[in-house]
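Asker: below are the sequence and a predicted model for it; my questions follow.
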Amino acid sequence: MADDELPKPEPKEIDEKLSIQLRHLLEDATLKGKPYGEEKCDNCLYYSEVDQKISYCWHPKLRILVGAEWWCQWWEKIEE
(Lines give C-alpha, C1' and ligand atoms only; values in the text may rest on other atoms or scores of the structure.)
Protein backbone atom coordinates (compact mmCIF):
# COMPACT_ATOMS: atom_id res chain seq x y z
CA MET A 1 0.00 0.00 0.00
CA ALA A 2 1.52 3.33 -1.03
CA ASP A 3 1.70 6.25 1.38
CA ASP A 4 -0.72 8.31 -0.73
CA GLU A 5 -3.39 5.62 -0.20
CA LEU A 6 -3.49 6.01 3.56
CA PRO A 7 -6.66 7.58 4.93
CA LYS A 8 -6.45 11.10 6.29
CA PRO A 9 -5.96 10.89 10.09
CA GLU A 10 -8.83 12.24 12.15
CA PRO A 11 -9.30 12.35 15.93
CA LYS A 12 -11.41 9.56 17.33
CA GLU A 13 -13.90 9.78 20.19
CA ILE A 14 -11.25 8.44 22.61
CA ASP A 15 -8.88 11.26 21.59
CA GLU A 16 -11.49 13.89 22.44
CA LYS A 17 -12.25 12.17 25.76
CA LEU A 18 -8.55 11.99 26.70
CA SER A 19 -8.02 15.60 25.68
CA ILE A 20 -10.75 16.73 28.09
CA GLN A 21 -9.43 14.51 30.90
CA LEU A 22 -5.87 15.79 30.44
CA ARG A 23 -7.05 19.40 30.31
CA HIS A 24 -8.80 18.91 33.67
CA LEU A 25 -5.69 17.23 35.05
CA LEU A 26 -3.57 20.16 33.90
CA GLU A 27 -5.92 22.62 35.62
CA ASP A 28 -5.95 20.59 38.86
CA ALA A 29 -2.24 19.82 38.91
CA THR A 30 -0.69 23.22 38.34
CA LEU A 31 1.53 21.40 35.86
CA LYS A 32 3.97 23.78 34.23
CA GLY A 33 6.34 23.31 31.31
CA LYS A 34 9.22 25.05 33.11
CA PRO A 35 11.00 24.57 36.45
CA TYR A 36 10.07 26.38 39.64
CA GLY A 37 13.46 27.58 40.79
CA GLU A 38 15.55 24.47 41.41
CA GLU A 39 12.46 22.24 41.55
CA LYS A 40 11.79 20.33 38.33
CA CYS A 41 10.53 16.91 37.40
CA ASP A 42 13.91 15.27 36.83
CA ASN A 43 14.93 15.95 40.44
CA CYS A 44 11.56 14.92 41.89
CA LEU A 45 10.93 11.73 43.84
CA TYR A 46 8.15 10.70 41.43
CA TYR A 47 10.14 11.01 38.17
CA SER A 48 10.91 7.44 37.06
CA GLU A 49 14.04 7.83 34.92
CA VAL A 50 16.10 10.87 35.90
CA ASP A 51 18.52 10.40 32.99
CA GLN A 52 15.71 10.77 30.39
CA LYS A 53 14.28 14.04 28.99
CA ILE A 54 10.76 12.59 29.14
CA SER A 55 9.72 10.04 31.74
CA TYR A 56 6.77 8.67 33.65
CA CYS A 57 5.58 10.52 36.75
CA TRP A 58 4.17 8.00 39.21
CA HIS A 59 2.57 10.52 41.59
CA PRO A 60 -0.92 9.13 42.35
CA LYS A 61 -2.63 12.31 41.09
CA LEU A 62 -0.72 12.45 37.77
CA ARG A 63 0.58 9.13 36.43
CA ILE A 64 1.51 10.58 33.02
CA LEU A 65 4.60 11.26 30.91
CA VAL A 66 6.25 14.56 31.83
CA GLY A 67 9.30 16.49 30.66
CA ALA A 68 12.47 16.69 32.74
CA GLU A 69 12.22 20.50 32.96
CA TRP A 70 8.54 20.52 33.97
CA TRP A 71 7.19 21.15 37.47
CA CYS A 72 3.97 20.60 39.45
CA GLN A 73 2.83 21.45 42.97
CA TRP A 74 3.41 17.88 44.13
CA TRP A 75 7.17 18.12 43.55
CA GLU A 76 8.99 16.25 46.30
CA LYS A 77 12.70 16.09 47.06
CA ILE A 78 14.41 12.78 46.35
CA GLU A 79 15.41 11.17 49.63
CA GLU A 80 19.11 10.49 49.89
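Answerer: All right, it came through fine.
Asker: and the next element down the chain from the helix or strand of the chain with the lowest mean pLDDT?
Answerer: Lowest by mean pLDDT, DSSP states H and E among the helices and strands of the chain is helix 13-29, with a mean of 86. Per DSSP states H and E, the first helix or strand lying C-terminal to helix 13-29 is strand 54-57.
Asker: where are the low-confidence patches of this structure?
Answerer: Scanning the chain for pLDDT under 70 picks out 1-3.
Asker: try it again at 80.
Answerer: In the predicted model, the chain carries pLDDT under 80 at residues 1-4, 25-29, 80.
Asker: contacting residues for the nearest residue to C72 once chain neighbours are set aside?
Answerer: Spatial nearest neighbour of C72, chain neighbours left out: L31 (4.6 Å); criterion: C-beta to C-beta, 6 or more residues apart in numbering. No exception for glycine: its C-beta is placed from N, CA and C like everyone else's. L31 makes contact with 25, 62, 66, 70-72, according to C-beta atoms under 8 Å, 6 or more residues apart in numbering.
Asker: next, the buried residues of the least confident helix or strand of the chain.
Answerer: By neighbour count, with 16 or more other C-beta atoms under 10 Å as the criterion, the buried positions of helix 13-29 are A29.
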